[in-house]
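Colleague: Starting from these lines, generate the structure:
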Amino acid sequence: MDRPIVELRDFIAASVWSARRTRTLMTILVVACVLAFGGFLNSLSSSWMLQRIKAAGDPAGAYVVGKLGVATALDDPRYDAFYNALVKSYIDNAMSIDVPFFGVAFDINDLGLLGGISFVTVLVLMRFSLRTEIVSLRLAFKAAARDAQGDREQLERFYDLLASQQVFTLPHMRDASPGWMGRRPWLLRVGPKLTCFLPLAVYTLVAVNDFLSQGVANSISPLHTRLLLAYTAVIWVVIGVLSAWCFRRLVEIDRLWDDYWSRIQE
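Modeller: Residues are numbered from 1 along each chain as shown. Sure, this is the predicted structure:
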């Protein structure tokens, strides 16, 4: 007999790959948040890098002695090289951010714009990926129900096979013979979904810092400062809407798994 055009294994593969795409985008989203948060920390007046420079202002202080091993003076070449290296490191890392792979750098004041665009882009891609995952899951269970023709045991085997390949989703799992039931702690079920709000949290910190430091920015360029605050507010709203959108879709995926589990139990 010729192989059918579409088999049940094809629906399983589609569901697995769509879930894998979502996991990849969630990982990228977390990495982007960590990078943006790192740039934000370096730009603060209380950052460790700036505190090092302040501590190194005294050539006979404990910090300089601890690093150089000896008390120095302002005209000491060792102190001059050490202090200049600290200042250079601060300027290179706190006032600009290097973008890996592309070999370019941008001013720390543009973190709100470029970081916001990155967050929006990844969240939009994640939203489309979640839509595909939901559709693939619905079609897979539809095909399984059609092939099972009322056979509850066959439908449960399909469910177990698909559930065993999930990572961020925790479907119901059980084995009736030894009386085993897979645990579904609320923290593990809610945690991955809260990742959607991580960009909003990081961007809120960036936006608040831009608002509080607008006095310094005005001394550089008042026009750029007004533009910065305007597009930061717009991007913040967009990120909030997209984060809530993705969160709702992740909750919908859990609802689908619970719905089909109920059907199997019936």
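Colleague: wait, L155 sits on Q149?
Modeller: No: in this structure, L155 is not within contact of Q149 by Cβ atoms under 8 Å, at 9.5 Å. Any C-beta I mention is one placed from the backbone N, CA and C, and that applies to glycine too.
Colleague: Settle it for me: which of these two has more neighbours?
Modeller: When L155 is set against Q149 and neighbours are counted by other Cβ atoms under 10 Å, the residue ahead is L155, at 19 against 8.
Colleague: Backbone dihedrals for the residue lying closest to the more buried one once chain neighbours are set aside, both of them.
Modeller: Leaving out its chain neighbours, the residue that sits closest to L155 by Cβ to Cβ, 6 or more residues apart in numbering is A148, at 4.3 Å. Dihedral pair for A148: phi -70, psi -30, per degrees, to the nearest 10.
Colleague: any low-confidence regions in the stretch 101-250 of the chain?
Modeller: 101-107, 176-177, 179-180, 216 (pLDDT under 70).
Colleague: any chance you could map the helices in it?
Modeller: 111-148, 152-163, 186-194, 198-212, 214-220, 222-265 (DSSP state H, counting those that start in this stretch).
Colleague: Of all those helices, which one comes closest to F82?
Modeller: When those are compared for distance to F82 using Cβ to Cβ, the nearest one is helix 214-220, at 27.4 Å.
Colleague: can you pull the contacts of the residue nearest the centre of the chain?
Modeller: Against the mean C-alpha coordinate of the chain, by Cα atoms, centre = their mean, the closest residue is V30 at 2.2 Å. Residues in contact with V30 (Cβ atoms under 8 Å, 6 or more residues apart in numbering) are 195, 198.
Colleague: Mind listing residues that contact stretch 220-228?
Modeller: 109, 112-113, 210, 214, 217-218.
Colleague: Closest to C196 out of these?
Modeller: Nearest to C196 among the contacts of stretch 220-228, with distances taken as Cβ to Cβ, is G112, at 19.9 Å.
Colleague: R249 - how many residues pack around it?
Modeller: Using other Cβ under 10 Å: R249 sits among 19 other residues.
Colleague: wait, I meant D160
Modeller: 14.
Colleague: what does L242 give?
Modeller: 21.
Colleague: Give the full set of residues in contact with the closest residue to it other than its chain neighbours.
Modeller: Excluding its sequence neighbours, the residue lying closest to L242 (Cβ to Cβ, 6+ apart) is L123, at 3.9 Å. Counting by Cβ under 8 Å, 6+ apart, L123 makes contact with 29, 196, 199, 239, 242-243, 245-246.
Colleague: repeat that for 7 Å
Modeller: 199, 239, 242-243, 246 (Cβ atoms under 7 Å, 6 or more residues apart in numbering).
Colleague: Take these and write them to TSV, including distance to A14.
Modeller: As requested, the contacts of L123 are arranged in TSV below (distance: Cβ to Cβ, whole Å):
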residue	distance to A14
P199	28
I239	30
L242	25
S243	26
C246	20
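Colleague: Drop anything exposed from those.
Modeller: The neighbour-count test (16 or more other Cβ atoms under 10 Å) applied to the contacts of L123 identifies 199, 239, 242-243, 246 as buried.
Colleague: Looking at those, which one is closest to R23?
Modeller: C246 (13.2 Å).
Colleague: Next up, the contacts around that closest one.
Modeller: Going by Cβ under 7 Å, 6+ apart, the list of residues near C246 reads 123, 126-127, 130, 196.
Colleague: List the residues that contact the residue lying closest to it once chain neighbours are set aside.
Modeller: Excluding the flanking residues, the one nearest C246 by Cβ to Cβ, 6+ apart is C196, at 4.3 Å. C196 sits next to 243, 246-247, 250 when contact means Cβ under 7 Å, 6+ apart.
Colleague: same question, I253
Modeller: Counting by Cβ under 7 Å, 6+ apart, I253 has contacts 133-134, 137, 169.
Colleague: Same list (the residues you listed) but as a markdown table, adding distance to G61.
Modeller: Listed next are these as a markdown table, based on distance: Cβ to Cβ, whole Å:
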| residue | distance to G61 |
| --- | --- |
| E133 | 57 |
| I134 | 60 |
| L137 | 62 |
| T169 | 55 |
